[in-house]
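Engineer: Below are the sequence and a predicted model; questions follow.
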Amino acid sequence: QKTAGNSLEFIDNLKIDLFPQEIFVFTPQGNIIKLPRNASVVDFAYAVHTDIGNSCVSARIDKRLVPLQTQLDNGVTVEVITASWARPNPLWLNYVITTKARTGIRSYLKHFKQQEAINLGRRLLEKELQDMNKQITDITEQMQNQLLQAVNIESMDELLEEIGLGNKMPFLIAKQLNQDDISAAIKLEENETRKETPLIIKGTEGMVVTIAKCCRPIPGDPIVGYFNPGKGIVVHHHECRNSTDERKKSTDWLDVEWSQDTTGEFPTEIRIEILNQPGTLATIASTISKMDSNIENVILSDQDERVAVDFITLTVKNRVHLANIMRQLKKLFIILKITRTRG
C-alpha cells in the first residue's frame, strides 16, 4: 500500500515536472483531456465538444457540484451539466484561457446577436410601415432591390440587422419605401407628424435591447427607447433625465412599452435610511430573500452613530413586486425611510 501510494505520488509529481504548464483531467468515461494550468470548467467543456461548451450550466468535480468558473486541478474527474435552454455568457470571457473556448464563445455570441438584431429590425420596420398603412409583405422584390441599392447594402437581412443595431432608422427606411421613387432622397415635410405606435418590450429580446443603468426601468414603468448605434435599443424610464422632451422629438428616440406578459428579473435600486446597529443588513437581506428577490449590490453612502444610509440594488419582476418588497421592509422597526432611486 505504501509503495503504491508513493508510486502514484511519484507519477503525479513527474507529470507536473515534465508538463509544468499543463494539467490532465478525466471525463466520466475515463478519457483524458489535456488543458493549460488554471483552466476552468468552461475550458474543459469546450475541449470536450463545442456544443457541450455552448450549453453548459455547471459541473461536478469528483462528484461535487461546482460553478463554471472553478479552476481545475490535475487528475480530477469532471462531469459537465448541460441544459437545452442554456447559451454562452459574455462574462465567461473573463475566466476562460483556452483559444478554443474563447473562439467558441465569441462565435456564438456574434451569431446570436446578429440573429437578434435581424429579428428586432424586422419588428421595427413592420411597426413603422403599419403606421403608414402598409405591410412588410407589400414590399416586392423589385422594391427591395431598389432600396438596397439606394442604401448601398447587399441583402435585406443585412439591412434589418443594421436597423436592429440602431445604425439605420426604421422610420427613414419605411419613409423611403413609401416614396414613388425609392431611389430618390428621402423627403421630410417640415410639419410632418408620425403615428406613435409603441414597440412592445418583452424583456427577452437579448443583447440588442438593454435596460439603461442610469434609471433602471422595470415592467410597469413608463418607458422610452433610444437608438444606440451599433448596440440596438436602450430602454430608459420616461422620467429619466437622459430622456428629455427635446431629445424624444428626434428620430433617435422610440416609443416603447412593456408587454403584458413580460418575464424575467430586472435590477432596480432603493435608498434606505436605517438604524445603525449590528445585524440590520442581515435582517434586510433576509426580508428581501423571503420576497423572492436577490440583492446584487449594496453601497454604504453615509452613516453616523445613529443612522446609516444604504443603496441596495435588487432584482424584481415588476413594479408590483417592488412595491410588495418595500412594504415588507417598511414593517421593520430598523427602517426609518425607504425610497426607489431613479436617474
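Structural biologist: Great, that's in hand. Numbering: from 1, shown residues only.
Engineer: a strand runs through Pro267, doesn't it?
Structural biologist: Yes. Under DSSP: H, G, I helix; E, B strand; the rest coil, Pro267 sits within a strand.
Engineer: which residues touch it?
Structural biologist: Contacts for Pro267 were tallied using CB atoms under 8 Å, 6 or more residues apart in numbering; they are 211, 216, 296, 313-315. (C-beta placed from N, C-alpha, C; glycine too.)
Engineer: pLDDT weak spots in this protein?
Structural biologist: Across the chain, residues meeting the criterion (pLDDT under 70) sit at 1-20, 184-197, 202-207, 243-251, 343.
Engineer: ranges for the helices of it?
Structural biologist: In the chain, the segments counted as helices under DSSP state H are 2-18, 41-48, 50-54, 99-131, 141-151, 156-164, 170-177, 245-248, 280-290, 319-330.
Engineer: Among these, single out whichever gets nearest to Tyr226.
Structural biologist: Checking these against Tyr226 by CB to CB gives helix 245-248 as the closest, at 8.0 Å.
Engineer: Ramachandran coordinates for Ile153?
Structural biologist: As for Ile153, its main-chain torsions (degrees, to the nearest 10) stand at phi -130, psi 140.
Engineer: Verify the contact between it and Leu160 for me.
Structural biologist: No. Between Ile153 and Leu160 there is no contact under CB atoms under 8 Å: 9.7 Å.
Engineer: The two: who's more crowded?
Structural biologist: Set side by side, Ile153 and Leu160 show more neighbours around Leu160, with 24 against 16, by other CB atoms under 10 Å.
Engineer: show me what contacts that one?
Structural biologist: 117-118, 121-122, 125.
Engineer: Swap in 7 Å and give it another go.
Structural biologist: Applying CB atoms under 7 Å, 6 or more residues apart in numbering to Leu160 gives the contacts 118, 121-122, 125.
Engineer: Nearest to Ile334, out of those residues: which one, please.
Structural biologist: When the contacts of Leu160 are compared against Ile334 (criterion: CB to CB), the nearest one is Gly121, at 49.8 Å.
Engineer: Distance check, Asn242 against Asp252.
Structural biologist: Distance check for Asn242 against Asp252: by CB to CB, to the nearest Å, it reads 12 Å.
Engineer: Please disregard the earlier target; I meant Lys337.
Structural biologist: The gap separating Lys337 from Asp252 is 37 Å, by CB to CB.
Engineer: Comparing these two, which shows the higher neighbour count?
Structural biologist: Set Lys337 next to Asp252 and count neighbours by other CB under 10 Å: Asp252 wins out with 14 against 11.
Engineer: Contacts only, for the closest residue in space to the more buried one that isn't next to it in sequence.
Structural biologist: In space, and not counting its chain neighbours, Asp252 is closest to Phe227: 5.0 Å by CB to CB, 6 or more residues apart in numbering. Phe227 is in contact with 166, 169, 233, 252, 254, counting by CB under 7 Å, 6+ apart.
Engineer: Could you pull up the residues touching the first one?
Structural biologist: Applying CB under 7 Å, 6+ apart, one finds that Gly166 lies in contact with 227-233.
Engineer: Just give the nearest non-adjacent residue to it, would you?
Structural biologist: That would be Phe227: by CB to CB, 6+ apart, it lies 3.8 Å from Gly166.
Engineer: Please name the bridge partners of the one you found.
Structural biologist: Ile233 (DSSP bridges).
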